[in-house]
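1. After the sequence you'll find the predicted model.
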Number of protein chains: 2
Amino acid sequence: MKRVASGLLPLIAIDRKSQKPLHKQIYDAYRLAVVNGHLRPGQRVPSTRVLSSELGVSRFPVLDAYSQLLAEGYFESRVGAGTVVCSTLPERFTISTPNNTRSTPSKSELRTLARRASTITRAENVPWARGFGAFGLGKVASDQFPHRIWAKLVARHCRKMDAESSHYGDPMGLLALRETIANYLRTARSVRCEAEQIMILSGSQQALVLTAQVLLDPGSSVWVEEPGYRLARDAFALNQCNVVSIPVDNEGLNVAAGILKCRKARAAIVTPSHQFPLGVTMSAKRRLQLLDWAQNTGAWIIEDDYDSEYRYESSPIASLQGLDVNARVIYVGTFSKVLFPSLRLGYVVIPSDLVDSFLTIRRALDLGPPNLNQEVLTDFIGEGHFERHIRRMRILYGERRTILVESIDREFGPMVEVLGSDAGMHLTMKLPNEIPDRQIAERAALQNLWIWPLSAAFFGRTAFPGFVLGFGSTAAADIPDSVRKLRKLFTKR
Amino acid sequence: MKRVASGLLPLIAIDRKSQKPLHKQIYDAYRLAVVNGHLRPGQRVPSTRVLSSELGVSRFPVLDAYSQLLAEGYFESRVGAGTVVCSTLPERFTISTPNNTRSTPSKSELRTLARRASTITRAENVPWARGFGAFGLGKVASDQFPHRIWAKLVARHCRKMDAESSHYGDPMGLLALRETIANYLRTARSVRCEAEQIMILSGSQQALVLTAQVLLDPGSSVWVEEPGYRLARDAFALNQCNVVSIPVDNEGLNVAAGILKCRKARAAIVTPSHQFPLGVTMSAKRRLQLLDWAQNTGAWIIEDDYDSEYRYESSPIASLQGLDVNARVIYVGTFSKVLFPSLRLGYVVIPSDLVDSFLTIRRALDLGPPNLNQEVLTDFIGEGHFERHIRRMRILYGERRTILVESIDREFGPMVEVLGSDAGMHLTMKLPNEIPDRQIAERAALQNLWIWPLSAAFFGRTAFPGFVLGFGSTAAADIPDSVRKLRKLFTKR
């Protein structure tokens, strides 16, 4: 049931059955006609009276459409000549060519992007990151999370929403949460800090990106651990830093090797409590060497303490930051592992003299964190739920870990070496050199086993193959069978 | 009630009344002694039996502390010599100096930051941004927000939390939300887009930062509007771009002036629907000129469409993106104005061929957005609450605007010109040249009037003074009196 204006303007077609209002149909049709060059600058358009009668509609939608076209400068009114297409529109846009309605650009066009767009790891859809079965990395026991308590706190703060909590908050984050975190870090992690030094971010990734932006110019060199966490490397590559891989051994980052390779680096990013992925704890000797190097060369140390709440053999390892007497360590923490990742809350502990610079850059980065989750988390910690949750999870994950280590030992025997099982929610199986870890990981994914090949964590040559196995979301009862399934993938090869 | 070990180790003091467990007290004391150089490498420490008897405590806390100190490498066991301080600790850290316990660095040290840390606007605590009274900028009528509906949706999604919704989500954002936004933008804003092109971010600020990172190398030139939005400028300064101010007149950004000043700029950031702060709508002619320049030079256009939902005199202005046939426009939107700022959700519409590059950089930037607010917003829009809210607010803000314009006219008469009152939640009063807008804004803040001086929006010379007045959070009944109070500040000068 389309009705088309006859004669003068065949392009104006209206459809009374369409959900689009009449005035919008008329406006759209004229605008398109001007842009496509179907109507030329200075060309006269019918009066509203004529058009409404042509189209058989009331004058109101036509008047609405015309006033909008006049307001936006597609039409202009000329004394004595009525309404015409605006005569000052650039010619190029008002001449119809076969080309100008395509919506994707031709290959030959100049579509230059930033250089960094090609240096950062592409978000590849690796087979071992797709599913939610056994051994998924970075996954928590979400069925054990006190959802009911959390929901109650959420409801409480939703009810209290007012002008202030709806508006932009402090770019540093909610003060009450920062105080709560400072207390926690001083007590549980031996971090030296006051609430004023703590900034709330969306997680450790944003904390690393911000730290790189504040401390490092493009072209500056940075030590990263080899093997290591690819996204930490990307946080610095994003800032066009020169990322230098430094080997990790049984004592953590090899500081002497770093000094030999690139003494003048401006920063080092380390995971001293539980190295990712190997799980080693950096020794006191290395910690002191690293602090020494930083102090001597004016470099910064970024301590990514992503999962040290869960430690099974001894008390949690004291932070590197707490050892530092020269305020050279930037300490990064996250709630992704200890609560759940989709919360997107983490923090950075900033040396006092750098707080202003961090604040300035952070405001430009994203203004600040969302409010509700911060309020909920403050109460969750303050009312003791956080501590109870950590205690419960430490027991639960400890069991899962023990069963996993036993199962690996039973199925694989001396063929593999288990690393980093003292802490956190993952461990690493070191494999004999000839084992193709990627291929097995790909096959494992088909059987709902989500193991990460260690070779994916080496940026240079793979020193030894292996698997990184998460046990956070894998029930103890499922572990022995899953390890047996994994073992079978080896014999099939 | 402190008890100190006599003779050998006076530094180990324990306090039974302390909340700190005994083993932690012993561990801390030894660690500090090693780090401060009170104990030297190779120096023997008492056996656990001796120390426990010295301190008058059971052997268990001492054993715990020692095993932790051994695990962390502060102590080592020597056959025949018992336990000693680790002999391979670097000397520098184990010699006591008066300096090494200070927690803030001395001024003379090398504490070099990135250059950008000094080029971005410092987060100054301007007087006119502190309060919640009349005319606050960027503030919404939060008392009119359907909090109850929102809270119901929050509760619904809290209850449904599971393994998948707890885990890291799609770095592009929740697909259901992206589909909902795509529908909305096609219908209400004439944006050409599919859900695949939409990425959810924490707001327009993060969208601008991401866009700069993907498209522009440090040193690239970018056009920004003069006067303009300071934080948009900072998003590009963060990436060390060369920010070039281009004047805005009654038709929006002066494209010809831009071409004269810096034809080779790689991008332009514009607010064509409702220029910030002047409120003008970019004319069709200028829009087409801008698209033409971009296509001819291979530049990108970033359209920041921050508040165009609210338009009072005509239908919302169609987006610039919808006019572009060469996929050169990156369209940025936010829910900060139309819902509330502390939600921290916005989006960017990406040309199809650039989606992969945006995704790669975004993942490195912060992994992705939090989940809960996305789920809630999807339902809020999908169930029609969003549209209803916009309709109600358009009427409410329209009333406030009319009363504000009338009040300004009554109090100030021809002395001021009101700009940009057709749309959005703020308008601008253009003042005669001799009026010191900053000084008046400072005095106004003392009277709970939160007006922004226009001079703060000029990056170069202030072309004319004025005030930017928000009316989103100012009740209609309070407006006439507030304008009268503002008028009185002029006569006092």
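-> Sure thing, it's come through. Residues are numbered from 1 along each chain as shown, chains lettered A, B, ... in the order given.

2. mind showing which ranges of chain A have poor pLDDT?
-> Residues of chain A meeting the criterion pLDDT under 70: A:1-13, A:37-38, A:90-109, A:123-125, A:314-316, A:492-493.

3. centroid residue for it?
-> For chain A, the residue sitting closest to the mean C-alpha position, by CA atoms, centre = their mean, is A:Gln205 at 6.2 Å.

4. Excluding chain neighbours, give the residue nearest to that residue in space.
-> B:Leu367 (5.0 Å; CB to CB, 6 or more residues apart in numbering or on different chains). Using the backbone N, CA and C atoms, a C-beta is placed for each residue, glycine as well.

5. quick one: secondary structure of the residue located most distally from the centre of chain A?
-> Distance to the chain centre peaks in chain A at A:Gly80, reaching 60.7 Å (criterion: CA atoms, centre = their mean). Put simply, A:Gly80 is coil when judged by DSSP: H, G, I helix; E, B strand; the rest coil.

6. circling back: and the residue nearest to the centre of chain A, how far is that from B:Pro171?
-> Using CB to CB, to the nearest Å, A:Gln205 is found at 10 Å from B:Pro171.

7. okay, and the common contacts of those two?
-> By CB atoms under 8 Å, 6 or more residues apart in numbering or on different chains, A:Gln205 and B:Pro171 have these common neighbours: B:Leu367.

8. which residues touch whichever residue of the stretch 1-150 of chain A sits closest to chain B?
-> As assessed by CB to the nearest CB, chain B sits closest to A:Leu110 within the stretch 1-150 of chain A, at 3.2 Å. Shown in contact with A:Leu110 (CB under 8 Å, 6+ apart): B:Gly298.

9. in what helix or strand does it lie?
-> Following DSSP states H and E, there is no helix or strand that holds A:Leu110.

10. quick one: the residue nearest to the centre of chain A from B:Arg394, how far?
-> When A:Gln205 is compared with B:Arg394 (using CB to CB), they lie 38 Å apart.

11. With A:Arg230 instead?
-> Distance, A:Arg230 to B:Arg394, by CB to CB: 47 Å.

12. Also A:Arg115?
-> In terms of CB to CB, A:Arg115 sits 44 Å off from B:Arg394.

13. Give me the more crowded residue out of these two.
-> Neighbour count, other CB atoms under 10 Å in any protein chain shown: between A:Arg115 and B:Arg394, B:Arg394 has more, with 15 against 12.

14. contacting residues for that one?
-> Residues near B:Arg394 by CB under 8 Å, 6+ apart: B:Glu309, B:Tyr310, B:Arg311, B:Tyr312.

15. again, only this time at 7 Å
-> B:Arg394 makes contacts with B:Tyr310, as judged by CB atoms under 7 Å, 6 or more residues apart in numbering or on different chains.

16. Now the strand or helix carrying it: buried residues?
-> Following DSSP H and E, one finds B:Arg394 within helix B:385-412. Across helix B:385-412, burial judged by 16 or more other CB atoms under 10 Å in any protein chain shown covers B:385-386, B:389-390, B:393, B:396-397, B:400-401, B:403-405, B:407-408, B:411-412.

17. cool, and stretch A:250-262?
-> For stretch A:250-262, a neighbour-count test (16+ other CB under 10 Å) marks A:Glu251, A:Gly252, A:Leu253, A:Asn254, A:Val255, A:Ala257, A:Gly258, A:Ile259, A:Cys262 as buried.

18. do stretch A:445-453 as well
-> For stretch A:445-453, by 16+ other CB under 10 Å, it's A:Ala445, A:Leu449, A:Trp450, A:Ile451, A:Trp452, A:Pro453.

19. ok, which pair from the residues you listed is furthest apart?
-> A:Leu449 and A:Pro453 (12.2 Å; CB to CB).

20. picking that back up, strands paired with the helix or strand that the helix holding B:Arg394 is followed by, and their directions?
-> The C-terminal neighbour of helix B:385-412 among helices and strands, as given by DSSP H and E, is strand B:417-419. If you go by DSSP bridges, strand B:417-419 pairs up with strand B:426-430 (antiparallel).

21. how much does the strand it pairs with deviate in direction from helix B:385-412?
-> For strand B:426-430 against helix B:385-412, the angle by axes from the mean of the first three to the mean of the last three CA atoms, to 10 degrees is 20 degrees.

22. what's in contact with strand B:426-430?
-> Contact with strand B:426-430 is made by B:137, B:277-279, B:401, B:404, B:408, B:416-421, B:454, B:464, B:466-471, as judged by CB under 7 Å, 6+ apart.

23. Identify the residues contacting A:Phe464.
-> Applying CB under 7 Å, 6+ apart, we find A:Phe464 in contact with A:Lys430, A:Leu431, A:Asn433.

24. Three-state assignment for it, please.
-> On the three-state scheme (three-state DSSP), A:Phe464 is labelled coil.

25. And it, its phi and psi?
-> The phi/psi pair for A:Phe464 (degrees, to the nearest 10) reads phi -160, psi 150.

26. Distance check, it against A:Ala457.
-> Applying CB to CB to A:Phe464 and A:Ala457 gives a distance of 11 Å.

27. do the same with A:Trp300
-> 23 Å.

28. out of these two, which sits in the busier spot?
-> A count of neighbours by other CB under 10 Å puts A:Trp300 above the other of A:Trp300 and A:Ala457, at 26 against 20.

29. of the buried residues of stretch A:445-453, closest to chain B?
-> A:Trp450 (11.6 Å).

30. And that closest one, how close does it get to A:Ser336?
-> Taking CB to CB, one finds A:Trp450 at 17 Å from A:Ser336.

31. Ok, A:Thr119 next?
-> For A:Thr119, the distance to A:Ser336 equals 26 Å [CB to CB].

32. Next up, the contacts around the residue lying closest to A:Tyr168 once chain neighbours are set aside.
-> Distances taken as CB to CB, 6+ apart place B:Pro341 nearest to A:Tyr168, at 4.7 Å, with adjacent residues excluded. Taking CB under 7 Å, 6+ apart as the criterion, B:Pro341 is in contact with A:Ser166, A:His167, A:Tyr168, B:Gly138.

33. was I right about the last one contacting B:Gly470?
-> Think B:Gly138. Yes: applying CB atoms under 7 Å, one finds B:Gly138 in contact with B:Gly470, separated by 6.4 Å.

34. Which of these two has more residues huddled nearby?
-> Taking other CB under 10 Å, B:Gly138 and B:Gly470 do not tie; B:Gly470 has more neighbours (22 against 18).

35. and the more buried one, backbone torsions?
-> With angles defined as degrees, to the nearest 10, B:Gly470 sits at phi -80, psi 140.

36. For the stretch 301-450 of chain A, which residues are neighbours of chain B?
-> Residues of the stretch 301-450 of chain A lying close to chain B by CB under 7 Å from any CB of the partner chain are A:314-315, A:317-318, A:323, A:325-327, A:340-344, A:352-353, A:357, A:359-361, A:363-367, A:369-371, A:373.

37. which of those are buried?
-> A:314-315, A:317-318, A:323, A:325-327, A:340-344, A:357, A:359-361, A:363-367, A:369-371, A:373.

38. quick one: which of those residues sit in helices?
-> With helices taken from DSSP state H, the overlap with these comprises A:Ser357, A:Leu359, A:Thr360, A:Ile361, A:Arg363, A:Ala364, A:Leu365, A:Asp366, A:Asn373.
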